[in-house]
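1. Need the 3D shape of this:
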Amino acid sequence: EYNRWSVELNVGQNKPEKPFAPGYFTADFGEYFNFSGANHYDLGVRYMFNPNFGAKIDFAFDSMDNQNSANQAGTPSLLFETRQYRVGFQGVVNLSRIMKFETFTSRFGILAHSGIQVSQLAPQKGISGDKPSELNGGYMIGVTPQFRISNKVVLTGDFTYLSNVRQHYNWD
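-> So this is what the prediction gives:
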């Protein structure tokens, strides 16, 4: 037995890497791990065709802005804020079923997912703050470790890499 339909609600962090204009960044160079608070919100629906394979659609909101601390040269990032609204279409593989996790645990599992995404990048403040939003597209790939609390409730952690293949603006 397995649940064919699942609703996913995620709150977490994003970490944009590039492109940034000189003088702009989201990293806090004084911190080894940069946990700056929630700036990613996601709602998705997953349907499993069989116990091993499924598909999902998700809608996400991400906010990127400057950190208030100083960089290595002692200069804080210039002020900016950017928002990204995204919809993703992905295939899902239940790795724990394929690797037969049920032979040694009934609580832990792992999903792998990959697919395409379309997003709208909307500058709010900073160098691009007066520009209109742009439509982007790209791919995403990730893993989702799971811990089953009950037959209908699962706590997950999701680690996803997203790339905008068509992006003209910097994150700032």
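
2. pLDDT value on residue 37, please?
-> Looking at residue 37, its pLDDT stands at 74.

3. likewise residue 114?
-> 98.

4. Parallel or antiparallel, list what pairs with whichever strand or helix holds it.
-> Element membership for residue 114 (DSSP states H and E) is strand 108-125. Using DSSP bridges, the strands paired with strand 108-125 in its sheet are strand 81-94 (antiparallel), strand 134-148 (antiparallel).

5. And the shortest one, what's buried?
-> For strand 81-94, the neighbour count (16 or more other C-beta atoms under 10 Å) marks 82, 83, 84, 86, 88, 90, 92, 93, 94 as buried. All C-beta spots, glycine's among them, are computed from the backbone N, C-alpha and C.

6. and what of the longest one?
-> For strand 134-148, the neighbour count (16+ other C-beta under 10 Å) marks 134, 136, 138, 140, 142, 143, 144, 146 as buried.

7. can you put the residues you listed in TSV and add pLDDT and distance to residue 76?
-> Converted to TSV, the buried residues of strand 134-148 look like this (pLDDT from 0 to 100; distance: C-beta to C-beta, whole Å):
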residue	pLDDT	distance to residue 76
134	87	27
136	89	28
138	94	30
140	96	31
142	96	32
143	97	34
144	95	35
146	94	39
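
8. ok but residue 102 is inside a helix, no?
-> Yes - counting by DSSP: H, G, I helix; E, B strand; the rest coil, residue 102 is found in a helix.

9. Having no further points to raise, I will conclude here.
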